[in-house]
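Trainee: give me a model of this one.
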Amino acid sequence: MLEPAVHPSPGLAARCTRAVLSPWARLGLLVVVLAAAGSAVLVLQPQRLLADGWPPQVGGAGAVVLFAVAYGLCTAAFVPRPILNLAAGALFTTWAGFASSLVGTVLGAGIAFGLGRVLGQDALRPLLRGRWLKAADGQLSRHGFRSMMAIRLFPGVPFAGANYCAAVSRMGWAPFLLATGLGSVPNTLAYVVAGSSASSPTSPAFLIAMGFIVLSGAGAAAVAWCKRHGLRQR
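Mentor: Prediction:
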């Protein structure tokens, strides 16, 4: 006589599902994804575009679109944007490089924000303790567009780090992406112009672009110092 098959109890299946979808399991997956992305960047070395140029078999509008997609993936994996912006200027015309970089910037920010929001927010929000962390979270959650605009306009805060921190806050998608796109225009354009005119370092375009980069960096340092001083006095 055949014995009836033994099936896992609904309670065990539910517990396994909850464990797999728990906040800490999702955070662990996020860490694995970011580690894999970082390892891929170390192996592929996208910064070689500055020295080796774009593959000759890819050209025209397709190259601009492909660069934008690669740009977004690289920034989500912590590749510094200045390197990619300089490469865009060196590889394409100024305006094609700028368009590709800006689209890639918004795409990379969206990828990082989505990963952080889905995989990391639930586990990390309970850990937001301490005066500075609470102040930053409150600023991003209540004044998301304004705060993100300031972060994008003044360099200094790592791009990927700002994306993942914003994902942990309660900032909405629309203000995050809109502020990223608008706020990234000046510095993105400056680096692309610097990359496209790097062969003529005494040209007015190169000197103006580098001057803007230096001034914006100095402004970011001044703003950061004032903010830090204000937090210490609270």
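Trainee: without its sequence neighbours, what residue ends up closest to the residue nearest the centre of the chain?
Mentor: Per Cα atoms, centre = their mean, the C-alpha nearest to the average position across the chain is that of residue 160, at 3.3 Å. Closest residue in space to residue 160, ignoring its immediate chain neighbours: residue 78 at 4.7 Å, by Cβ to Cβ, 6 or more residues apart in numbering. All C-beta atoms are positioned from the backbone trio N, CA, C, and that covers glycine.
Trainee: residues contacting the one you found?
Mentor: Remark: with contacts taken as Cβ atoms under 8 Å, 6 or more residues apart in numbering, residue 78 is in contact with 34, 37, 38, 41, 158, 160.
Trainee: after the helix or strand bottoming out on mean pLDDT in the chain comes which helix or strand?
Mentor: Considering only helices and strands, the least confidently modelled element of the chain by mean pLDDT, DSSP states H and E is helix 10-20, at a mean of 56. Tracing the chain C-terminally past helix 10-20 and defining elements by DSSP states H and E, one meets helix 23-44 next.
Trainee: so which elements touch that next one?
Mentor: helix 60-76, helix 94-115, helix 121-124 (3 or more Cβ pairs under 8 Å, 6 or more residues apart in numbering; DSSP states H and E).
Trainee: what average pLDDT does the longest one get?
Mentor: Per-residue confidence for helix 94-115 averages out to 94 on the pLDDT scale.
Trainee: surely residue 153 is in contact with residue 180?
Mentor: No: using Cβ atoms under 8 Å, residue 153 makes no contact with residue 180, being 10.8 Å away.
Trainee: neighbour count: those two, which is higher?
Mentor: residue 180 (24 against 18; other Cβ atoms under 10 Å).
Trainee: neighbours of the residue nearest to the more buried one when sequence neighbours are not counted, just the number please.
Mentor: Among residues not flanking residue 180 along the chain, residue 109 sits closest, at 4.6 Å (Cβ to Cβ, 6+ apart). The burial metric for residue 109, expressed as a neighbour count using other Cβ under 10 Å, is 27.
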